[in-house]
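S.K.: for reference, the sequence and a predicted model appear below.
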Amino acid sequence: MIKKKMIISQETMDVDFVRKVEALAGTSVRRCFQCGKCSAGCPMATFMEHPPNRIMRLLQLGQWQRVLAGRSIWYCVSCETCTTRCPNTVDLASIMDALRKLSWDSDGASKESYVQLANKLFLQNIRTYGRQYEMRLAAVFNVKSGQFLKDLMLGPKLIAKGKLKMFHSKNKNISEIEKIFTRIEEMRKKGDAL
Amino acid sequence: MSRIGVFICHCGENISRTVDVERVAQEVGRLPGVAFSTDYKYMCSDPGQTLVKKAIQEQKLSHVVVAACSPRMHEKTFRKAVEAAGLNPFLCEMANIREHCSWVHENREEATVKAIDIVGMMVERVKKNRILPTITVPVTKRALVIGGGIAGIQAALDIADCGHEVILVEREPSIGGHMAQLSETFPTLDCSQCIMTPKMVDVANHPKIKLYTYSEIELVEGYIGNFQVTIKKKARSVDEDKCTGCGVCMTKCPQKKIPNKFDQNIGMRTAIYVPFPQAVPNTPVIDRDNCTWFKTGKCGVCQKVCGPGAIDFEQQDTLIVEAVGAIVVSTGFDLYTIAEKPKGSPIKGYGEFGHGKIPDVIDGMTFERLASASGPTGGKILRPSDGKEPKQIVFIQCVGSRAREKGISYCSKVCCMYTAKHTMLYHHKVHDGQAYVFFMDARTPGKSYDEFWRRSIEEEEAVYIRGMVSRLYQKGDKIVVMGSDISVGVQVEIEADMVVLATAIQPQKGADALAQKLGISYDKYHFYSEAHAKLRPVECATAGIYLAGACQGPKDIPETVSQASAAAAKVMALFSRNQMEREPIVARVREAGCVGCFACKKVCAYGAVEEKEIRDRQGNLIKVVAYVNPGVCAGCGTCQATCPSKSVELDGYTDEQIIAMIEAL
Ligand SMILES: Cc1cc2nc3c(=O)[nH]c(=O)nc-3n(C[C@H](O)[C@H](O)[C@H](O)COP(=O)(O)OP(=O)(O)OC[C@H]3O[C@@H](n4cnc5c(N)ncnc54)[C@H](O)[C@@H]3O)c2cc1C
Ligand code: SF4
Ligand code: SF4
Ligand code: SF4
Ligand code: SF4
C-alpha cells in the first residue's frame, strides 16, 4: 500500500483514467459522497487494504496508482452488495470490474497483488497447452513473484494424490483454443470486448 | 406612426458575455417604428430606469421594449418606470434575451443574431399593444390559515393580533402539529409542551380567531382579495357547545386498546378521545371506525355518563363557506417510514433494516414520545418489545434522506440536530447507557447549533461514528448493527438494545391534492413551491396565497416561526388596503361574433365566464352570449384558444399581437 504524502494538483489527478473507469462501468465516480455504506456490508472488506468507499475516494482524486498497487480489487468477489446498498446508485461492483480490467492493461501496476500474475500465467498455460499444467503454473508463479519456496511442501502431497502431474499432456484441439484467444484479442483491439 | 424606444441591458455580464449588445441596439435601431435604441449595464438599476424615463420624455416615445431578463423578474419594474414617465404601463414589453438567449447559448455570433430576432419580434408586438386600464378589486380582510402546527398557530396569532379575523382549519381533532409531540427542543432543551401549549390556548381564546378542527378544505374559489372557501367539518359525534371537557366519557369507554397516533402508536387510547391531555380544543372525538356503537349499534356508555348530554351519534359532516382575502398554507410534514413501499413507487423502503418489522428499531418521533414526560412511558426510555431499558442505543442519521436510490435526494435539515438532542436526553435518563451515532456529516448551521452538537460528544460522551450502516438484524434480544467507520477504514459491529432512525421529512400525505384545490405549484416531492427561492420565499406564485413552515421544505422550529411571521406580514400588507389593483390581462368577448356555444365556459378553470342576454330595444331576447367577469378572470387564455368562432381575446395577448410576432421572424 502506498502511504506517501499525496501531492494534489491538476497534473497528479488523472481525470482521463477516471473517465475510462466511468465509461467501462457505466456509473459515476463523482456521485459517491463517502457514506461508507458499501464498506459496511462488503464481505471482503476486512481483507482489503482499501475498503470499497476508499477505492471510490482515491478514484475521485485520480490516484489510480494507489488503487491498482493494492490487492483490494482482487479480493472483491463481485457479490454486488455495495451496488445494492449504495444510497447514491453508484454501481461499485462494476467499478471493481473496470479496475481489474484496467489493471490488466497497465503493466506492473498491481505488483503487490499476485492474483493478476496468477491469472495471467493461468491463461498463458491454457493457450500453450490447451489445458492447465499445474506444475509449470506453480513453478513460474513462484519464480516471477520471487517467493521461490512458497507452498513447496504441498507439492509431494499433491503429487501423491495425483493432483499434480509432472508432465503435461496437450489438448488435441489446441488450434480451436488458439482461435478463441485471437478472436478475443482482436475484439479487444477494436474495443468490442473488455 | 409609433415611436418605439428599445433598451438593451447587459445584465452585468450575464447577457453581454454572449450577446453583442451594442450590435443589437444598432440593428434594431434601424427597424421601422423604432425612434430610439440604446444599451446599458444594468437597466433595472436606478440610473437605468432614469435612462428609460428620460428617453420617453425627450424622444416623445409611444412604446417601450426592454430587452433584458425574464418578464417574471422585472416586467413590473419597467412598467412602473414607464408609467412614471407618463405612458400607459401596458405599452411596455420585455424581450427576454437572458434566459431565452445568453444563458442557453455559447456561440456569440449566433446568440447575437437570435437576440436581434427576439427584440425584433417584441418591437412588432408592442406596436399592436393597446392602452389597458388597471382593474381594482375590493379586499376581504379575513385570512384563512390551513394547518394548525406551530407555523399555522404563529401566523394566525400574528394576523389576529393585528385586528384581522382569521379562520384556522386543522385536520386533526387538536391543533399543535408535530411540535406538540416533541419532548425537549434543541438547541436550548426547553420543554416543547411548556412553550407550545400557551400559544395553543391563546389561539382558542383569541376573539379574532375562528377555529375549525377535525376539518378539511373542500373547495377554493376566487382570487386574491376575494376567495370563497368551502370547509368540511367532519362529524365529531360530540356537541362542541355542550361538552365541558370533563373527560368522564374517556374514562368509561370500554374500547381502551386503540393505538394512539399522537404517541406514534406505542401508547393506547379509547374510542372517544382527545389525542393528548393538553389538546385544543379539549372536546373529544369519537373514532367511528373503532367505536362499539358504530360497529354494532350497542354500548353508548359515553352517552349515558356524559352529564351535559354532549354525545351525538347522529352528527353529520357539515360544509361551511367562508369568504377570505388571503390564505396561509402551513400543512407541515410527515415522516418517512422504512416500511415496504408499493411496487412502482418512486420512494423505496429499507429492506436492509427489516422494513420496520424489528420492534426495537424505532424512528426519531417515537423516541420523542418515549422521552416526553407526558408520553406513554412517563418519560422513561423503554424498549417497545419488552419494556426493558436499552443500555446500548444506536442512532442512524440520513435514513431516507440524501439517498437517491430510495427516491429522496434532499437533506432533511433537522435530524442531525435532533439526533444530537436524543443522545443527550438518553444520557440524562440512562446513566449507565451508551449512545452511538452513525452519521455522514453533521449539519449544524444555526445559532448555537454546532456548540450543541459538540456538547453531545464532549460533555455527554455520545460516540459518533462517521459511516453508514449496511444492515440491521435481530439476534436474540439484540439488534446487530453492521456499519463502517470510514475515518479508520474498518467495519464496525454493535450489538444494540434499541436503534433509532432519523427518518426523512416528507410533505403531508395529500399535499398534492390540497395544492390542486388551491391552484399552487409543488415540486416533485410535493413540497409547495415559493414564487422565488431567494426574493419571494413566503409567497406562492398564485397571488394571495402564502407559505409557512415545513410544507415548503424541511425546517426547524425557529425557521418555521420566522416564516410564519413573515407570511403574516405579507397578509397584513395586503389587508392594509381597501382595494387592490390587478393586472388588466383579462379575456374579453366580442359579442357580435359569439354564437353562444359556451365552450369557453366549460374550459375556464376559474369560473369566470357567465351568460349574458342581449335584447333589442323592445326587450326581445336576441341571443345569449358569453361574458367574462374581469374580477375573476385569471388571464390564462384557455377560452381564447378554445372559442370556435374566434370571439374571445385576451387583452395583452391578442391574436393580432401574436401574429405580428410570428411575421417579424
Ligand atoms: C423527531 C423530530 C424532532 C424534532 N425536534 C426539534 C427540535 O428539538 N427543535 C426544533 O426546532 N425542531 C425540531 N423538529 C422540527 C419541528 O418538528 C418542525 O420544525 C415543526 O414541527 C414544523 O411545524 P409546522 O407547523 O410547519 O408543521 P407540523 O408540525 O407538521 O404541523 C402541520 C399541521 O397541519 C395539519 N395539516 C396537514 N395537512 C392538513 C390539511 N390538508 N388540512 C388541514 N390541516 C392539515 C397537521 O395535522 C398539523 O397539525 C423535530 C422534528 C422531528 C421529526
Ligand atoms: S462486489 Fe466486491 S466490493 Fe462490492 S460488496 Fe461485493 S466483494 Fe465488496
Ligand atoms: S455506498 Fe455509494 S456513496 Fe456510499 S461510500 Fe459507497 S460508493 Fe460512495
Ligand atoms: S359508544 Fe363508542 S365511544 Fe362511546 S363508550 Fe362506547 S365504544 Fe366508547
Ligand atoms: S440533517 Fe443531517 S441527518 Fe438529516 S438528512 Fe441532513 S445530513 Fe442527514
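M.R.: In hand now; what should we look at? Numbers count the residues shown, from 1 in each chain, chains lettered A, B, ... in the order given. Ligands and ions are numbered 1, 2, ... in the order given.

S.K.: wait, B:Gln315 sits on B:Arg236?
M.R.: Yes: B:Gln315 sits in contact with B:Arg236 when judged by CB atoms under 8 Å, with a separation of 6.5 Å. C-betas here are computed from N, CA, C, even on glycine.

S.K.: so for these two, which residue has more residues nearby?
M.R.: A direct count of neighbours by other CB atoms under 10 Å in any protein chain shown for B:Gln315 and B:Arg236 places B:Arg236 higher, at 23 against 15.

S.K.: is it fair to say the more buried one lies in a helix?
M.R.: No: in this structure, B:Arg236 is coil, not part of a helix, as judged by DSSP: H, G, I helix; E, B strand; the rest coil.

S.K.: and the pLDDT at the residue lying closest to it once chain neighbours are set aside?
M.R.: Setting aside the residues directly before and after it, B:Arg236 is nearest to B:Val285 in space (CB to CB, 6 or more residues apart in numbering or on different chains), at 4.9 Å. Note for B:Val285: predicted pLDDT of 97.

S.K.: tell me which residues in stretch B:465-476 are buried?
M.R.: Buried residues in stretch B:465-476, defined by neighbour count with 16 or more other CB atoms under 10 Å in any protein chain shown: B:Ile465, B:Arg466, B:Gly467, B:Met468, B:Val469, B:Ser470, B:Arg471, B:Leu472.

S.K.: who touches that stretch?
M.R.: Outside stretch B:465-476, the residues within contact range by CB atoms under 8 Å, 6 or more residues apart in numbering or on different chains are A:35-41, A:81, A:85, A:87, B:352-354, B:358, B:361, B:396, B:398, B:436-440, B:479-487, B:492, B:495, B:499.

S.K.: what's the end-to-end length of it?
M.R.: 25 Å (CA to CA, to the nearest Å).

S.K.: any part of it near ligand 5?
M.R.: No: applying CB under 6 Å from any ligand atom, one finds stretch B:465-476 out of contact with ligand 5, separated by at least 10.3 Å.

S.K.: any idea how far that stretch is from the chain center?
M.R.: Centroid displacement of stretch B:465-476 relative to its chain, using CA atoms, centre = their mean, to the nearest Å, is 36 Å.

S.K.: which residues touch the closest residue in space to B:Cys540 that isn't next to it in sequence?
M.R.: Counting by CB to CB, 6+ apart, B:Cys540 lies nearest to B:Ile520, which is 4.4 Å off, once chain neighbours are set aside. B:Ile520 makes contact with B:Val329, B:Tyr528, B:Ser529, B:Cys540, B:Ala541, B:Thr542, B:Ile545, according to CB under 8 Å, 6+ apart.

S.K.: by neighbour count, which of these wins?
M.R.: For the contacts of B:Ile520, the largest number of neighbours (other CB under 10 Å) sits with B:Val329, at 28 neighbours.

S.K.: quick check: that residue vs B:Lys141, distance?
M.R.: Per CB to CB, to the nearest Å, B:Val329 is found 19 Å from B:Lys141.

S.K.: tell me the SS of B:Thr50?
M.R.: Classification of B:Thr50 by three-state DSSP places it in helix.

S.K.: of the contacts of stretch B:465-476, grab the buried ones for PyMOL.
M.R.: PyMOL command restricting the contacts of stretch B:465-476 to the buried ones, with burial defined by 16+ other CB under 10 Å:
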select buried, (chain A and resi 35+36+37+38+39+40+41+81+85+87) or (chain B and resi 352+353+354+358+361+396+398+436+437+438+439+440+479+481+482+483+484+485+486+492+499)
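
S.K.: and ligand 5, which of the contacts of stretch B:465-476 contact it?
M.R.: Within the contacts of stretch B:465-476, those near ligand 5 by CB under 6 Å from any ligand atom are B:Cys398.

S.K.: show me the contacts of stretch B:465-476 that map onto strands.
M.R.: Taking DSSP state E, the ones among the contacts of stretch B:465-476 that sit in strands are B:361, B:396, B:398, B:436-439, B:479-485, B:492, B:495, B:499.

S.K.: for the residue nearest the centre of chain B, grab phi and psi.
M.R.: With distances taken as CA atoms, centre = their mean, B:Tyr528 lies nearest the centre of chain B, 3.4 Å away. Per-residue torsions, B:Tyr528: phi -70, psi 140 (degrees, to the nearest 10).

S.K.: spit out the contact partners of it.
M.R.: B:Tyr528 sits next to B:Val329, B:Pro507, B:Ala511, B:Ala515, B:Ile520, B:Ser521, B:Tyr522, B:Cys540, B:Leu547, B:Cys551, B:Gln552 when contact means CB under 8 Å, 6+ apart.

S.K.: next: A:Thr89.
M.R.: Residues near A:Thr89 by CB under 8 Å, 6+ apart: A:Thr27, A:Arg31, B:Arg404, B:Glu405.

S.K.: likewise B:His526?
M.R.: By CB under 8 Å, 6+ apart, the residues touching B:His526 are B:Gln506, B:Pro507, B:Ala511, B:Asp512, B:Ala515.

S.K.: now do it against ligand 1, distance only.
M.R.: Distance, B:His526 to ligand 1, by CB to the nearest ligand atom, to the nearest Å: 11 Å.

S.K.: for ligand 1, what's its nearest residue on the stretch 451-600 of chain B.
M.R.: Evaluated by CB to the nearest ligand atom, the stretch 451-600 of chain B has B:Gly549 as its residue closest to ligand 1, separated by 2.3 Å.

S.K.: could I get the buried residues of stretch B:465-476 as TSV with secondary structure and pLDDT?
M.R.: Putting the buried residues of stretch B:465-476 into TSV (DSSP: H, G, I helix; E, B strand; the rest coil; pLDDT from 0 to 100) gives the following:
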residue	secondary structure	pLDDT
B:Ile465	strand	98
B:Arg466	strand	98
B:Gly467	coil	97
B:Met468	coil	97
B:Val469	strand	98
B:Ser470	strand	97
B:Arg471	strand	97
B:Leu472	strand	98
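
S.K.: and residue 173, what's its pLDDT?
M.R.: Because you didn't say which chain, this covers chain A. On the pLDDT scale, A:Asn173 gets 85.

S.K.: um, chain B though
M.R.: Reported pLDDT for B:Pro173: 97.

S.K.: please apply the same query to A:Gly108.
M.R.: 55.

S.K.: go on, A:Ser113?
M.R.: pLDDT for A:Ser113: 64.

S.K.: B:Phe262 and B:Pro277 touch, don't they?
M.R.: No: B:Phe262 is beyond contact range of B:Pro277, at 10.4 Å (criterion: CB under 8 Å).

S.K.: which one of the two has more residues nearby?
M.R.: Legend: neighbour count by other CB under 10 Å for B:Phe262 and B:Pro277, higher for B:Phe262 (22 against 10).

S.K.: where does A:Ile8 fall, phi/psi-wise?
M.R.: Main-chain torsions, A:Ile8, degrees, to the nearest 10: phi -100, psi 120.

S.K.: what does chain A have sitting close to ligand 2?
M.R.: For chain A, the residues in contact with ligand 2 (CB under 6 Å from any ligand atom) are A:42-44, A:52, A:76-82, A:92-93, A:96.
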